[in-house]
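[1] this one's sequence-less:
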C-alpha cells in the first residue's frame, strides 16, 4: 500500500510504502530506500526529500540508483515534517509536540556513521587535513570522507584513550588512562612506558609546540621533550620553576616560543624563553584560578574560559571578562577558537556550541552595551548532544575548509562555515516613518523636501529563525553610498 506522495517541484516524486521510500521520475522508479517506519515526507530546498522516522529526520538525495543521506537531525517518533520558506524545518512528534530546527548548518558523526563508541573526547587535524578523534571505542581517522577506526581491546593494546597531540612528521601521541603515553606511528602502536609519577594518577594534557617539542602535564609539573624524543630526559617546570600547581587539562601553543597550561589549578602557567610564570587571581585573573579553555589569538590576546567568571581576555598585561549573566550560555567554556572572521567559537559544558563576535565582546567590556549577542547551536539545529566534552585536548578544531569540529557526548559535530550555511529567506519591510517627531503613513510617503532634520524608520523582518539576532542592512538613497548593519528595529 502507498501511504504518502510528495513532489519536489522538479518532476520527481517520493512515495512512501510500508517498508521503503521510492523515488519516481516520469513513470519509472529510479531509487529505493529501505525503511521499517517512515511516517513523514517533505521536499527539501537543498535537494531531495526530508524523511522523518522513529529517531531522526534525514535528508535523502538520489545518487545513481540509491539514496544518499546528506543530513540527520535527531528527533523522536516523527509524524509530520515541513520546511518553510526561511529554511527552517518544522517537526511534529508524538512525544515532543512541535519543534523547529535549522537545517543545513551541521552534521553529526557518531555511532550511526560507524564511529566507534558514543562519546568523542578530543579532535586533532594534522597538516594533511586528516581528522583524528579519540572516542570511548578507541581512535578514529577521517580522510577524504572515509572513516577508519581502531578499537580498544582489538586493534589497540591499551584502554581509555583521552588527550591526543600530533607532530608535523605524522607522529601521534595519545594519553591512556592506564598505560600513560602511547605513540601511534605508521599504523603501529607503541606504549612508551611514561606514566604519571603519582600512584593511581593518570597523565594530564599533552601538546606539541611550534618548535616540535612534546609537552606532558603530570601531577609533579610539566615535562618538555625536545623533538618529541621521550628517550631523553625532559626539561621540567614545576612550582619551584614558577609553574602553577594543580591538574593541567588545557594546553595552548599557537605562537613560536610560548605555551600556556591551565585546568583545575591555582592559575594559568605561561612559559616563554625557558621561564615559567603562574598567573593567579592576585595578578588579576578573574575567578578562582580554574580555567577550562585557552586560546592564544594571532593578534596577541589570550582568551580564557574561567570558572565561574565566564569568558576572560588578557590584553597588554590586563585581564577583562564577560560573565554568564551578560549573555554567555554557560559558565564552563572548555573550548575557545577563533574563526579568522572576527568571531570566537565556544564549546560549553551543557549548552552546545556558541559563537560570538569580537566586536560585541569589545562593546560589553567597554560598557557600550550590557549583553553579548550569542549565536548558539543546539538540538534544534541538529546537534546530537548539547553536552560537549570538557577537560580533554584539543577540544575544538578548524579544518582546511573552515569547518568546525566539536567533540560531544554523542559523537562529533561538524559545523559548516558561513558561506556554506543556508541563509534565512526573509523579507524586510518599512513599518513606520517618523520625521521630526511626526509619524507619516508609509504608503503615502513621497520625497522629503528641505527642512526635516530627524528621520527615523522602523523596520520589520518577520522570522522564525532567531528574530532577536536578525541583522538588517539599510541605506538612505541619495545620501549614503554604503550599507549599514543594525540589529535594532529603528534606523
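    That came in fine, so what should we check first? Not measured: the values here are computed from a predicted model.
[2] how about the helices in this structure?
    Remark: helices assigned in the chain by DSSP state H are 358-365.
[3] low-confidence stretches in it?
    Judged by pLDDT under 70, the chain has its weakly predicted residues at 36-39, 102-104, 420-426, 442-449, 452, 463-470, 487-491.
[4] verify the contact between residue 33 and residue 60 for me.
    Yes: using Cβ atoms under 8 Å, residue 33 is in contact with residue 60, at 6.1 Å. C-beta here means a position set from N, CA and C on the backbone, and glycine is covered the same way.
[5] now do the shared contacts for those two.
    Taking Cβ atoms under 8 Å, 6 or more residues apart in numbering as the criterion, residue 33 and residue 60 both touch 21, 51, 67.
[6] buried stuff in stretch 476-487?
    For stretch 476-487, the neighbour count (16 or more other Cβ atoms under 10 Å) marks no residue as buried.
[7] end-to-end on stretch 392-403?
    Using Cα to Cα, to the nearest Å, the end-to-end distance of stretch 392-403 comes to 20 Å.
[8] check the offset of it from the chain's centre.
    The chain centre lies 8 Å from the centre of stretch 392-403; the measure is Cα atoms, centre = their mean, to the nearest Å.
[9] more crowded one of residue 33 and residue 60?
    residue 60 (25 against 20; other Cβ atoms under 10 Å).
[10] what bridges to the more buried one?
    Legend: beta-bridge partners of residue 60 under DSSP bridges are residue 49, residue 69.
[11] strands along the stretch 251-400 of the chain, start to end?
    For the stretch 251-400 of the chain, applying DSSP state E, counting those that start in this stretch gives strands covering 258-265, 268-272, 275-279, 290-296, 302-307, 310-315, 318-322, 333-338, 343-348, 353-357, 374-377, 397-398.
[12] possible to save the ones you listed as TSV with distance to residue 99 and mean neighbour count?
    Rendered in TSV, the data for the strands of the stretch 251-400 of the chain read as follows (distance: least, Cβ to Cβ, whole Å; neighbours: other Cβ atoms under 10 Å):
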stretch	distance to residue 99	mean neighbour count
strand 258-265	37	24
strand 268-272	40	23
strand 275-279	44	18
strand 290-296	30	25
strand 302-307	29	25
strand 310-315	29	22
strand 318-322	30	17
strand 333-338	26	26
strand 343-348	21	24
strand 353-357	18	21
strand 374-377	15	18
strand 397-398	29	19
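[13] and those strands as a markdown table, adding distance to residue 40?
    Formatted as a markdown table, the strands of the stretch 251-400 of the chain follow (distance: least, Cβ to Cβ, whole Å):
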| stretch | distance to residue 40 |
| --- | --- |
| strand 258-265 | 46 |
| strand 268-272 | 50 |
| strand 275-279 | 54 |
| strand 290-296 | 39 |
| strand 302-307 | 40 |
| strand 310-315 | 40 |
| strand 318-322 | 42 |
| strand 333-338 | 35 |
| strand 343-348 | 31 |
| strand 353-357 | 27 |
| strand 374-377 | 24 |
| strand 397-398 | 35 |
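[14] just so I know, which of those strands lies nearest residue 41?
    Nearest to residue 41 among the strands of the stretch 251-400 of the chain is strand 374-377; the distance by Cβ to Cβ comes to 26.3 Å.
[15] sheet-wise, list the partners of that closest one with their directions.
    When pairing is defined by DSSP bridges, strand 374-377 lines up against strand 353-357 (antiparallel).
[16] show me the contact partners of the strand it pairs with.
    For strand 353-357, the surrounding residues in contact (Cβ under 8 Å, 6+ apart) are 311, 328-330, 339, 342-348, 372-378, 383, 388, 404, 406, 413, 415.
[17] follow-up on the earlier one: which of the shared contacts of residue 33 and residue 60 fall within strands?
    If you go by DSSP state E, these have 21, 51, 67 in strands.
[18] could those go into TSV alongside distance to residue 224?
    Formatted as TSV, those follow (distance: Cβ to Cβ, whole Å):
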residue	distance to residue 224
21	57
51	53
67	52
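[19] so which of those comes closest to residue 456?
    Nearest to residue 456 among these: residue 51, at 47.9 Å, using Cβ to Cβ.
[20] didn't the closest one look like it was pressed against residue 41?
    Yes: with contact defined as Cβ under 8 Å, residue 51 counts as touching residue 41 (6.0 Å).
[21] please tell me I have it right and residue 108 contacts residue 382.
    Yes: the criterion here is Cβ under 8 Å, and residue 108 meets it with residue 382 at 7.0 Å.
[22] quick check: neighbours shared by those two?
    Common neighbours of residue 108 and residue 382 (criterion: Cβ under 8 Å, 6+ apart): 72, 74.
[23] which ones are touching the closest residue to residue 149 other than its chain neighbours?
    Closest residue to residue 149 apart from its sequence neighbours, by Cβ to Cβ, 6 or more residues apart in numbering: residue 116 at 4.3 Å. Counting by Cβ under 8 Å, 6+ apart, residue 116 touches 135, 136, 137, 138, 140, 149, 150, 151.
[24] which of these count as buried?
    Here, 16+ other Cβ under 10 Å leaves 135, 136, 137, 138, 140, 149, 150 buried among the contacts of residue 116.
[25] identify the residues contacting the fourth one.
    Spelled out, it's residue 138. Per Cβ under 8 Å, 6+ apart, neighbours of residue 138: 116, 117, 149, 150, 151, 152, 155, 156, 161.
[26] report the beta-bridge partner residues of the closest residue to residue 376 other than its chain neighbours.
    Nearest residue to residue 376, sequence neighbours excluded (Cβ to Cβ, 6+ apart): residue 354, at 5.0 Å. For residue 354, the beta-bridge partners under DSSP bridges are residue 346, residue 376.
[27] and residue 354, how close does it get to residue 298?
    21 Å (Cβ to Cβ, to the nearest Å).
[28] before we move on, what about residue 55?
    Residue 55 sits 42 Å away from residue 298, going by Cβ to Cβ.
[29] those two: who's more crowded?
    Neighbours around residue 55 and residue 298, counted as other Cβ under 10 Å, are more numerous at residue 55. The numbers are 13 against 9.
[30] surely that one meets residue 74?
    Yes: contact criterion Cβ under 8 Å: residue 55 and residue 74 qualify, at 6.7 Å.
[31] my guess is residue 134 contacts residue 164. True?
    Yes: contact criterion Cβ under 8 Å: residue 134 and residue 164 qualify, at 5.4 Å.
[32] quick check: neighbours shared by the two?
    Common neighbours of residue 134 and residue 164 (Cβ under 8 Å, 6+ apart) are 122, 174.
[33] who's more crowded, these two?
    residue 134 (27 against 24).
[34] tell me the bridge partners for that one.
    Beta-bridge partners recorded for residue 134 (DSSP bridges): residue 122, residue 139.
[35] same check, this time on residue 173
    Under the criterion used here (DSSP bridges), residue 173 is bridged to residue 165, residue 183.
[36] quick one: contacts for it?
    Residues near residue 173 by Cβ under 8 Å, 6+ apart: 164, 165, 166, 181, 182, 183, 184, 206, 208, 214, 228.
[37] separation between the residue lying closest to residue 67 once chain neighbours are set aside and residue 50?
    Excluding the flanking residues, the one nearest residue 67 by Cβ to Cβ, 6+ apart is residue 33, at 3.9 Å. Here residue 33 is placed at a distance of 13 Å from residue 50 (Cβ to Cβ).
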